[in-house]
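>>> The sequence isn't on hand, but the structure is:
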């Protein structure tokens, strides 16, 4: 399948679109009846992501549906492939947007040993404590570094097994909370999708 590589695009909202591809062989137009699917083993996380996608993607003339409203599943239970095909066909979806986490790195930032040279105050407990406690209790003393990458693929259902139209990967670093991370990822994705004219761009 011929693919057109597009340059990385930086976007606000705390997330960045690292790269994206557009299928040069796809000749169809925009889409009007879309299923969003978060491939996630946690039911609550799946629902949160799909809800935000629906909220951002829905606009006049475009219907977007969360997969969990049709195919509820408990944690760590995949959707049966035959069921999935049936739901797509029965509801006449013309596109499926599938997203998954492809990278989740969490590390603790190392403390620079140079922050604690062997100064004279080490010689007494109270002198030592008075010197180092303000540093240790500073919020930046031990910070968790988090890097989340999410892959999203847009498939047209015109082909029996679905035709890949667009793919993009977002990168989110040190999100303040899971809802804020989801919000940033979804906004970046939907903005990119609009620019690709897969759905109309949201009016400013």
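Good, I have the coordinates. For clarity, every value in this text was computed on a predicted model and none was experimentally measured.
>>> Wasn't residue 102 part of a strand?
Yes - counting by DSSP: H, G, I helix; E, B strand; the rest coil, residue 102 is found in a strand.
>>> Now it: closest residue in space, sequence neighbours ignored.
residue 151 (4.7 Å; CB to CB, 6 or more residues apart in numbering). Heads up, the C-betas are built off the backbone N, CA and C, glycines and all.
>>> quick one: the one you found and residue 39, what's the gap?
9 Å (CB to CB, to the nearest Å).
>>> just residue 168 next, same as before
15 Å.
>>> Could you check which of those two has the larger neighbour count?
Neighbour count, other CB atoms under 10 Å: between residue 168 and residue 39, residue 168 has more, with 23 against 15.
>>> Report the mean per-residue pLDDT for the helix or strand hosting residue 22.
Assessed by DSSP states H and E, residue 22 sits inside strand 15-23. In this model, strand 15-23 has an average pLDDT of 93.
>>> Beyond it, next helix or strand please.
strand 33-38.
>>> tell me what the helix or strand just after that following strand is packed against?
As assigned by DSSP H and E, the chain's next helix or strand after strand 33-38 is helix 43-57. Using 3 or more CB pairs under 8 Å, 6 or more residues apart in numbering; DSSP states H and E, the elements in contact with helix 43-57 are strand 33-38, strand 63-66, strand 95-108, helix 178-195.
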